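>>> structure of the sequence below:
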Amino acid sequence: MGVTTSTAATVPFRNAKRFLSDLDAETAGRIIASAADIALILENGVIKDVALGSEDLTREGCETWRGRRWVETVTVESRPKIEDLLKGDGQSAHWRQVNHPSPQGLDIPVKYTAVHAAEDRVIALGRDLRTVAAMQQRLMEAQQELERDYARLRQAESRYQLLFQTISEPVFIIDASTLEIDEVNPAGAELVNRSASSLVGEPFAEIFEKSARRPVEIGLATAIAAGRADEIVARLSRGAECAVLASAFRHGGQTRLVARLAVDRVSASPESAAHFLGILETLPDGLVATGPDLRIIAANKSFLELTQLAAERQAIGELVSRFVGRSSTDFNVLVSNLKSHGAVRNFATVLRDRFGATEDIEISAVLVPPGEAAAYGFAIRSVARRPKTGVKIGEELPASVDQLTGLVGRVALKDIVRESTDLIERLCIEAALEMTGDNRASAAEMLGLSRQGLYSKLKRFGLGEG
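Residues are numbered from 1 along each chain as shown. You can find the predicted model right below:
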């Protein structure tokens, strides 16, 4: 425990004989018992009587101390303290803390003072310190928990500082009450060509051009009120345009703002945009842009060459369906897929030039953004010079359902149905032969055919000798 010895000068009653001389022994005993948690009457160091202030001490077996030497009721290290109390003069409040062994396991800490009532008689008054010990234990545990929390906070602070200092994105921490910079990471300082220390305390809006400062301040105010603000594009006073993304957070009972600056989020400069458009203009694939009504608003040189048009103005205002699609149904299928999925790749169809000549093409198209005011973009690639990979009707069966559906628009429906029937018959016969281990009699029975009928179909499909 903590302090084991304390001494204080006693201040006795001034008129004890006058006011207490008529007290009987019973009354004096009650006074002594009520003045302490444990009261002992000792003669020559032997406990003659015990008074206890709680049932809890009775359960600890303190009443069994009668007839025992006081020094025998305490732990070994406490015995010198008992001897010190018994030798005292009893004139001063001399307190010593001792421990009594307990049958419950834990020692009972008691703080005693001894009053010498007669030559060989001593009255010992004790205070039960278990409540104080329990409070000290809780205080120590709370202190240890605080230290653990403080260690976790230090670790979190270290991780935060490491992340804040090493992140490549410029980040500013702003005081919401003054809109001044509290912290800035190295990437932010480098972006504005300033040192981090010189930026701290400066109004955040001051790092932007004068014309952009008011919109930035409005954006910060919006972030404070709503938690975050829409992206703001502003030009730095010592740099290029950047996008400002601000959001609010609470820390230490105060509101702070995190402002992230993203230079790569800003739209391309006019020079780079013109360069990009120049690349699109010279691509070998035909490129067409239309409005929501599917009328052409822009086309590159390759599209003009495919359609035999002399100038872009001849294409502008025309419907794309004038040049693309075997029929209106074919083109409607393409547009329907665009509206459903937003993009279509390698759609096989034909392109008609201004003179009516057709050419096989593949179209990849996109709808941006989805909605009523959307625009369409078409990339057109000629496939007329590619080697033929399809099948010829009447000479060889299509190998898959994909090939059959690919014939739609190029072959009459009755021919497709006939080829589909042949394909299904062939697949069923192959499956039956595989299931029967190439037993043709069993396969014919499984398919509901005569042997001769099966042999005829095998010969027709080239699956074996008839």
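
>>> any low-confidence regions in the stretch 251-400 of the chain?
Under the criterion pLDDT under 70, the flagged ranges of the stretch 251-400 of the chain are 264-276, 370-373, 384-400.

>>> how about the helices in it?
Here the stretch 251-400 of the chain has its helices, by DSSP state H, counting those that start in this stretch, at 270-282, 301-307, 328-341.

>>> so which of those helices gets nearest residue 293?
When those are ranked by proximity to residue 293, the top entry is helix 328-341, at 11.3 Å, counting by C-beta to C-beta. C-beta: built from backbone N, CA, C; applies to glycine.

>>> alpha carbons of that closest one, in CSV - could you do that?
Below are the C-alpha coordinates for helix 328-341, written out as CSV (Å, rounded to 0.1, in the frame of the first residue of the first chain):
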residue,chain,number,x,y,z
SER,A,328,-34.3,0.3,-91.0
THR,A,329,-34.8,-2.8,-88.8
ASP,A,330,-31.1,-3.5,-88.7
PHE,A,331,-30.3,0.1,-87.6
ASN,A,332,-33.1,0.1,-85.0
VAL,A,333,-31.6,-3.1,-83.4
LEU,A,334,-28.3,-1.2,-83.1
VAL,A,335,-29.9,1.9,-81.5
SER,A,336,-32.1,-0.3,-79.2
ASN,A,337,-29.0,-2.1,-77.9
LEU,A,338,-27.3,1.3,-77.3
LYS,A,339,-30.1,2.6,-75.2
SER,A,340,-30.3,-0.6,-73.2
HIS,A,341,-26.5,-1.1,-72.6
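
>>> buried ones in that helix, by neighbour count?
By neighbour count, and taking 16 or more other C-beta atoms under 10 Å as the criterion, the buried residues in helix 328-341 are 330, 331, 333, 334, 335, 338.

>>> let me have the helices of the stretch 251-400 of the chain in TSV, extended by distance to residue 88.
As requested, those are exported to TSV (distance: least, C-beta to C-beta, whole Å):
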stretch	distance to residue 88
helix 270-282	97
helix 301-307	114
helix 328-341	99
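
>>> wait, which of those helices is closest to residue 456?
Across those, residue 456 has its closest neighbour in helix 328-341 (38.6 Å, C-beta to C-beta).

>>> could you dump the buried residues of helix 328-341 to JSON lines with distance to residue 119?
What follows is these, written out as JSON lines (distance: C-beta to C-beta, whole Å):
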{"residue": "330", "distance to residue 119": "128"}
{"residue": "331", "distance to residue 119": "126"}
{"residue": "333", "distance to residue 119": "123"}
{"residue": "334", "distance to residue 119": "122"}
{"residue": "335", "distance to residue 119": "120"}
{"residue": "338", "distance to residue 119": "116"}
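
>>> kindly indicate which of those lies nearest residue 28.
Using C-beta to C-beta, the buried residues of helix 328-341 come closest to residue 28 at residue 338, 107.0 Å.

>>> that closest one reaches residue 363, doesn't it?
No. Applying C-beta atoms under 8 Å, one finds residue 338 not in contact with residue 363, separated by 10.0 Å.
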